[in-house]
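S.K.: I would like to see how this sequence folds:
(chains A and B)
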Amino acid sequence: MSTVVMHNVVSVDGFIADDHDDVGPLFEWYFNGDHALVPGEMADPAPGGMKISQASYDYVRPAWDAIGSMVIGRHLFDITNGWEGKPPAGDHVVVVSHRPKPDGWHPEASYHFVDDVAQAIAKAKELAGERTVAVAAGDVGGQALALGLVDEVAMDVAPVVFGSGKRYFGPVDAQHLLEDPHVVIQGDRVLHLRYRVRR
Amino acid sequence: MSSVILYMAMSLDGFITGPDDSKENPAGVGGMRLMEWLSDGEPGGGGGGYRPSDGNSQIVFDEAMATGAVITGRRTGEFADYWGGDHHDGVPIFVPTHTAPADNRYERVHFVTEGIVACVEQAKAAAGDRDVMLHGAYTAQECLKAGVLDVLEIQLMPVLLGEGRRLFEGLPPEHIELDLVRTLQAPGVLHLRYEVRRG
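M.R.: You can find the predicted model right below:
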């Protein structure tokens, strides 16, 4: 069975972006190291490519490699144009949306549009097989967690207070117990935390 | 040089109380969950507090109890009845407020009406070489806005409360950059110490 992991980079006060979808200093750690995150770029890093610290690389690269499919919201799809059909991790993307895939958009890419969070998670599990399902935090991740569909919560905590913006846990409005974190890894300008949701 | 250090237990989703906090139930519904990092300890220690049994939690607890003055918000202070006038070791307690109460039963509790900066100055003067403990979300926000908060010592609890009073809200949109300077893991709690970057 695949594990469903809710994930995002997050500020100390729980925001994944400001009110204008600006990530500000949240992504600084993606670019301040000497290990190219994308395989094959080590010898010849792409201009502006992601380079992270050794500690972050040792955690992030295997975690990304374990991902089979991602579940994202329509908003993230729209602002990234679905990463032009190339997901940052895994081979498949399920987009939670009431609107269909844009006409003619990257027909070769394994992107699936589903209008219900529970069905989206089910579809992503089917696509991932034994591999991990990564659910973007925020509205979609928060709904999945509230529905009891999330197994683990992964947060890359950047040392910044936003004060306002888009929240990591989105619409979660009830108590949920987690286990103690089984990952606590300090990188450079980031703290990687991972919690199992207590059943 | 003494530092102003915020000590607060916070849920992973950023709450410091459950919903409906009141004088009768200061932690709000379910909010006492956040205090559980203390409750493994034996009664005793300064001010009749509870010292946790875990070594890492003891480090944080002992540092808090070694502070030379306390700043507390009026709401937190009144809910706790100003700890009977003695938070720990008889150190003075400073309360920033717009209007001082007509009667003050406690000689060590000082109400400061000249603003948050003056309140911090008085607490630092009283603490001498020792640090100043800060308690209360609203007061912490006022200190952050005024640039007089040096350190956040957060007891991060593995629970989502979903509702309640948030540690960070009502802040301006400008990001406040931090540096993570210490991570201490203990059963049931993760102690994170952040220094606030200046300018």
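
S.K.: can you pull the contacts of A:Asp91?
M.R.: Going by Cβ atoms under 8 Å, 6 or more residues apart in numbering or on different chains, A:Asp91 touches A:Gly68, A:Ser69, A:Ser110, A:Leu127. (Each C-beta comes from the backbone N, C-alpha and C, glycine too.)

S.K.: Tell me the residues of chain B that contact chain A?
M.R.: B:12-14, B:18, B:30, B:33, B:144, B:152, B:154, B:158-163, B:166-180, B:183, B:185, B:187-188, B:190, B:192, B:194 (Cβ under 8 Å from any Cβ of the partner chain).

S.K.: Please report how far B:Arg74 lies from chain A.
M.R.: From B:Arg74 across to chain A, the span is 22 Å (Cβ to the nearest Cβ, to the nearest Å).

S.K.: Spatially nearest residue to that residue, not counting backbone neighbours?
M.R.: Closest residue in space to B:Arg74, ignoring its immediate chain neighbours: B:Thr97 at 4.8 Å, by Cβ to Cβ, 6 or more residues apart in numbering or on different chains.

S.K.: Please apply the same query to A:Arg194.
M.R.: Closest to A:Arg194 by Cβ to Cβ, 6+ apart is A:Val183, at 3.6 Å.

S.K.: The one you found contacts A:Leu191, correct?
M.R.: No: A:Val183 lies out of contact with A:Leu191 (Cβ atoms under 8 Å); the separation is 9.9 Å.

S.K.: In terms of neighbours, single out the busier of those two.
M.R.: A:Leu191 (25 against 14; other Cβ atoms under 10 Å in any protein chain shown).

S.K.: can you pull the contacts of the more buried one?
M.R.: By Cβ under 8 Å, 6+ apart, the neighbours of A:Leu191 are A:Asp156, A:Val157, A:Pro159, A:Val184, A:Ile185, B:Leu180, B:Thr183, B:Leu192.

S.K.: Just give me the residue right at the centre of chain B.
M.R.: When Cα atoms, centre = their mean is applied to chain B, the residue found nearest the centroid is B:His135 (2.3 Å).

S.K.: any idea how far that one lies from B:Gly162?
M.R.: B:His135 sits 23 Å away from B:Gly162 when distances are taken as Cβ to Cβ, to the nearest Å.

S.K.: picking that back up, for the residue nearest to the centre of chain B, list each beta-bridge partner.
M.R.: B:Thr72 (DSSP bridges).

S.K.: Among the contacts of A:Leu191, name the buried ones.
M.R.: A:Asp156, A:Val157, A:Pro159, A:Ile185, B:Leu180, B:Thr183, B:Leu192 (16 or more other Cβ atoms under 10 Å in any protein chain shown).

S.K.: In contact with the second one, which residues?
M.R.: Contact partners of A:Val157, counting by Cβ under 8 Å, 6+ apart, are A:Val9, A:Val10, A:Ser11, A:Val12, A:Val190, A:Leu191, A:His192, A:Leu193.

S.K.: From A:Ala158, how far out is the residue of chain B found nearest chain A?
M.R.: Relative to chain A, the nearest point of chain B is B:Leu171 (2.9 Å; Cβ to the nearest Cβ). Per Cβ to Cβ, B:Leu171 is found 16 Å from A:Ala158.

S.K.: Between those two, which is the more surrounded one?
M.R.: Taking neighbours as other Cβ under 10 Å, B:Leu171 and A:Ala158 compare with A:Ala158 leading, 27 against 17.

S.K.: for the nearest residue to the more buried one once chain neighbours are set aside, helix, strand, or coil?
M.R.: Using Cβ to Cβ, 6+ apart and skipping residues adjacent in sequence, the residue nearest A:Ala158 is A:Leu26, 4.7 Å away. Secondary structure, DSSP: H, G, I helix; E, B strand; the rest coil: A:Leu26 is helix.

S.K.: who touches A:Leu26 in this structure?
M.R.: A:Val9, A:Val10, A:Ser11, A:Ile16, A:Ala17, A:Ala158, A:Val160.

S.K.: quick one, phi/psi of the residue nearest to A:Arg194?
M.R.: Phi and psi for A:Val183, reported as degrees, to the nearest 10, are phi -130, psi 120.

S.K.: just B:Trp83 next, same as before
M.R.: The phi/psi pair for B:Trp83 (degrees, to the nearest 10) is phi 50, psi 40.

S.K.: try the one 4 residues further on
M.R.: Its backbone dihedrals place B:His87 at phi -70, psi -50, with angles given as degrees, to the nearest 10.

S.K.: Which pLDDT does the model give it?
M.R.: B:His87 carries a pLDDT value of 94.

S.K.: How about it, nearest residue that isn't a chain neighbour?
M.R.: B:Val70 (4.7 Å).
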